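# Sequence and predicted structure, then a few things I'm wondering about:
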Amino acid sequence: MADKADEAIDAATPAFGQADLTNCERELIHLAGAVQPHGALLVLEPLDLRVLQVSGNVARLLGKAPEALLQQPLGVLGGDVAERVARVLRSADLLEPQALQCRVGAGLRAFDAVLHRVPGGPLVLELEPLADPPGGIELQDLAPDVMATTLSAALQRFGAAPSVGVLADAVVEVVRNLTGYDRVVVYKFDPDGHGKVIAEARHPRLESLLGHHYPASDIPQRARALYLLNRVRMLVDVDAPQAPLIPDRLPGTQAPLDMSLCQLRSMSPIHLQYLRNMGVTATLTASLVREGQLWGLIAAHHYSPRHLRCTVRAATDLLAEVASTRISAIENYAHAQVALMVRRLEQRLVEATSTEGEWRYALFRSPRTLLQPLDATGAALFCDGEVLTTGETPSTPELRALLAWVQEQAPVGDAPFACSSVGRANAALDSLTPTASGVLAVRLSTRSPDWLMWLRKEQLQSVTWAGDPAKPMVANNPLELSPRRSFAAWSEIVRGTAVPWSTTEVALARGIGVALVDIIVQVQAVRLLIAEHQLRQVRSAVAGAREPVLVADAQGDVIFANDALQALRGEPVEKGQAAAALFAAADDMQQALAQMRTTQHGWRRELDLLAVDGTPIPMAVHAEPISGNDGKLLGFVVTLIDLREARRADTARLNLESSLRVAAQTTASEADEVISAILTNASLAAMDIADARGGPPVAPLLQELETSTRRAAGLYAQIRSFTREA
């Protein structure tokens, strides 16, 4: 029985090289047990640098047979390699790979090297020769001045990119010029993990892959996880024989070596066959990471063997790192656009409520304003049991059926619900396909079925896949593993499907929905003054609002304070007390009320709200005087926004600016164009992120930018150290 259980486990998580297309998603690719032959790998005991494992090509590259190295101190290699490794070991924890240069043997042959520590395990040393590369493959490098000029110009270009598309075009052009590969693409993942080529630079003889789609299964989850750990990966020759580790298990533990961080790690046989079927011989990939997630890849293909020196790979890593920060800044800036749009909506809805007593019709008065930002063909508002529509929409009974289904499927909270094929997801709603094949919906209330939906009609969409996704294996020999033998473009006409909602559109809808909820609360607060008979219904809605709301009468005394305001202060707000007394600068608030009585204009300012213990809470205060149809002042609606997160963001921005100034002063004497470009790009990204108030918390993004900038500067320092020592 135990044997059968072991067989079941092996089938579920196949060892490296033993997977097929039914289980390659779980292949243990980090336990490859072999390296690419252009470099050598040694596994070392951390305490005495004794050699525990070696790659099978050490005799050819290092001049020592495996048996002459195993269980011997690293110093038997000769040269300064043991001294250099010991020096790095004393100065770093090695949880991330550290680059160094060393010489080996009596002839003092020069090597680029990388050292890291397997968590809880041994050291791993990887060595790549700088001269006489194996297999006669020329080692590609750049002169230091050319490298600096190239990087400086590239980073300035990245920092000026106004959109992801423009940035991606710049990335592929720069990386191809830097590395010399035949084809370089930027490959972006969608929410389902499928990929699309959004930019390409290629040799004129090659057929374009721009716009091609690839199914998520092409990149297994284990591979995606490794792309986050090991940001740049190079394959020199798809047909080169791999060098196995000797012995194949670690002495003592008999465990396979975890090669997650190894740059020389052999690639999966399935992936190698995949590349052969494409006609690709050599590859380079660099990860594009946003907020800790794999956003996409920079992928380079060459149709003959190609070997880049580690300085060029580090430069590619630097470019990918800076491009990632720019992507984050560009995409986050969309939230700032939401704030501008909502500001216009706010004024229109408040005016409509004060003059007409109703905000819903004002929302639909200008269909273009509502539909165009999300490229929708129709919209529907469900509120207080009524249905309002604009653009091309299904009938009211069909819309109510759609609402019932959306409420069942939608996530809890304020996350939007998005679907590009309603008829496929629910056959009972197939009749909606012509006008509402796609739906993007935001919840406007947690207490009633109030929703705003954007709709898209059916559109015949041509999706170009690299190979037929329905035919993943085609082989003449059934024993030959061939994930894709043909990569001719295959077009699938998708019927019953709308153009999918993009990540940016979903983020925009969420921002509009969240802001609209707060606007509705404010409007309902106005209705509280206009129609006393609606007090109970409106009080319930206002009381549960996320943002603090205060309603005062014409004399400035409190009529109503919602739960959010009372929770913020830490005690109930008594009806009839002076509204100005709730603020640290009570006189300023009192003067503002007097001013609004005279001018009938709204008032905005930052004031400190007083908590029960006297602690000031920084708030953005927006007060609006409300008049009746006869022009008589009824009172004031005061909405507040907690600025503590914004202040934390400002502190993070100041810390970043201080860090950048220190870095700039440190490098000022060297007048280095690349460092200057890195700092300039970081400053531009910081401004974009800081301006995007109303979106995700800004402080963590600025902290991530500071970390990324330091890493980019470190990578360039590594490049410069190599060029000085070479």
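Sure, I can see it. Residues are numbered from 1 along each chain as shown.
# isn't Gly180 right up against Gln140?
Yes. Using Cβ atoms under 8 Å, Gly180 is in contact with Gln140, at 6.2 Å. (Each C-beta comes from the backbone N, C-alpha and C, glycine too.)
# anything in contact with each of the two?
Arg306 (Cβ atoms under 8 Å, 6 or more residues apart in numbering).
# what distance separates the start and the end of stretch 597-614?
Using Cα to Cα, to the nearest Å, the end-to-end distance of stretch 597-614 comes to 29 Å.
# Which positions within it qualify as buried?
Buried residues in stretch 597-614, counted by 16 or more other Cβ atoms under 10 Å: 603, 607, 609-610.
# and the residues you listed, which of them are in strands?
With DSSP state E as the criterion, strands contain 603, 607, 609-610 from among these.
# of these, closest to Pro373?
Nearest to Pro373 among those, counting by Cβ to Cβ, is Trp603 at 29.1 Å.
# What's the separation between that closest one and Gln254?
Counting by Cβ to Cβ, to the nearest Å, the separation of Trp603 from Gln254 is 74 Å.
# Then Pro616?
Distance of Pro616 to Gln254, given as Cβ to Cβ: 63 Å.
# and those two? which has more neighbours close in?
Pro616 (13 against 9; other Cβ atoms under 10 Å).
# about what we covered before: in the ones in strands among the buried residues of stretch 597-614, find the pair that's most separated.
Trp603 and Leu610 (18.9 Å).
# shaky segments in the stretch 451-600 of the chain?
Residue ranges of the stretch 451-600 of the chain with pLDDT under 70: 460-494, 523-524, 526-544.
# Helices along that one, start to end?
For the stretch 451-600 of the chain, applying DSSP state H, counting those that start in this stretch gives helices covering 503-530, 535-543, 563-569, 586-599.
# got it, and the stretch 101-250 of the chain?
Using DSSP H, counting those that start in this stretch, helices in the stretch 101-250 of the chain cover 144-160, 164-179, 221-229.
# now for those, which one comes closest to Gly75?
Per Cβ to Cβ, nearest to Gly75 of the helices of the stretch 101-250 of the chain: helix 221-229, 30.5 Å.
# and the nearest residue to Leu701 once chain neighbours are set aside, what is it in contact with?
Spatial nearest neighbour of Leu701, excluding adjacent residues (Cβ to Cβ, 6 or more residues apart in numbering): Ile689 at 4.9 Å. Counting by Cβ under 8 Å, 6+ apart, Ile689 touches 328-329, 332-333, 698, 701-702, 705.
# Filter those residues down to the ones in helices?
328-329, 332, 698, 701-702, 705 (DSSP state H).
# Serialize those to a markdown table and add fields for distance to Gln372 and neighbour count.
Formatted as a markdown table, the ones in helices among the contacts of Ile689 follow (distance: Cβ to Cβ, whole Å; neighbours: other Cβ atoms under 10 Å):
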| residue | distance to Gln372 | neighbour count |
| --- | --- | --- |
| Ser328 | 26 | 23 |
| Ala329 | 24 | 25 |
| Asn332 | 22 | 22 |
| Val698 | 28 | 24 |
| Leu701 | 28 | 25 |
| Leu702 | 32 | 25 |
| Leu705 | 32 | 25 |
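# now Leu178: how far from Arg205?
Leu178 is 21 Å from Arg205, by Cβ to Cβ.
# cool, Gln718 as well?
As for Gln718, its distance to Arg205 is 35 Å (criterion: Cβ to Cβ).
# which of the two has more neighbours?
Each of Gln718 and Arg205 has its neighbours counted (other Cβ under 10 Å); Gln718 has more, 19 against 7.
# give the contact list for the more buried one.
Contacts of Gln718 by Cβ under 8 Å, 6+ apart are 99, 311, 314.
# okay, the angle between the helix or strand where the second one lies and helix 503-530?
It stands for Thr311. Here Thr311 sits within helix 310-332, counting by DSSP states H and E. Helix 310-332 runs at 30 degrees relative to helix 503-530, counting by axes from the mean of the first three to the mean of the last three Cα atoms, to 10 degrees.
# And the helices in the stretch 301-450 of the chain?
Going by DSSP H, counting those that start in this stretch, the stretch 301-450 of the chain shows helices at 310-332, 334-356, 360-363, 367-371, 396-409, 422-425, 433-436.
# among the ones you listed, which is the most enclosed?
helix 310-332 (a mean of 24; mean count of other Cβ atoms under 10 Å).
# quick one: contacts for the closest residue to Leu155 other than its chain neighbours?
Spatial nearest neighbour of Leu155, excluding adjacent residues (Cβ to Cβ, 6+ apart): Ala677 at 3.6 Å. Ala677 makes contacts with 151-156, 159, as judged by Cβ under 8 Å, 6+ apart.
# Swap in 7 Å and give it another go.
151-152, 155-156 (Cβ atoms under 7 Å, 6 or more residues apart in numbering).
# Work out for me the element the closest residue to Arg103 other than its chain neighbours sits within.
The shortest distance from Arg103 to any non-neighbouring residue, by Cβ to Cβ, 6+ apart, is to Gly79 (4.0 Å). Using DSSP H and E, Gly79 maps to neither a helix nor a strand.
# Pro449 versus the residue nearest to Leu155, what's the distance?
53 Å.
# same question, Phe722
63 Å.
# Neighbour count: those two, which is higher?
The residue with more neighbours, out of Phe722 and Pro449, is Phe722; 21 against 16, by other Cβ under 10 Å.
# element containing the more buried one, please.
Element membership for Phe722 (DSSP H and E) is helix 698-725.
# so which strand or helix has His686?
I think there's a mix-up here, since residue 686 is Ala and not His. helix 673-691.
# Low-confidence bits of the stretch 601-726 of the chain, can you list those?
Ranges of the stretch 601-726 of the chain meeting pLDDT under 70: 663-671, 690-696, 723-726.
# one more time with 50
Applying pLDDT under 50 to the stretch 601-726 of the chain flags residues 669.
# Hmm, Thr393 and Pro367 touching each other?
No. In this structure, Pro367 is not within contact of Thr393 by Cβ atoms under 7 Å, at 11.0 Å.
# which among the contacts of Ala677 end up buried?
Buried among these by 16+ other Cβ under 10 Å: 151-152, 155.
# Those residues into JSON lines, with extra columns for pLDDT and distance to Val521?
Shown next, in JSON lines, are the buried ones among the contacts of Ala677 (pLDDT from 0 to 100; distance: Cβ to Cβ, whole Å):
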{"residue": "Leu151", "pLDDT": "94", "distance to Val521": "50"}
{"residue": "Ser152", "pLDDT": "93", "distance to Val521": "50"}
{"residue": "Leu155", "pLDDT": "93", "distance to Val521": "45"}
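# if we take the residues you listed, which one ends up nearest to Asp672?
Nearest member of the buried ones among the contacts of Ala677 to Asp672, counting by Cβ to Cβ, is Ser152, at 8.4 Å.
# All set, thanks.
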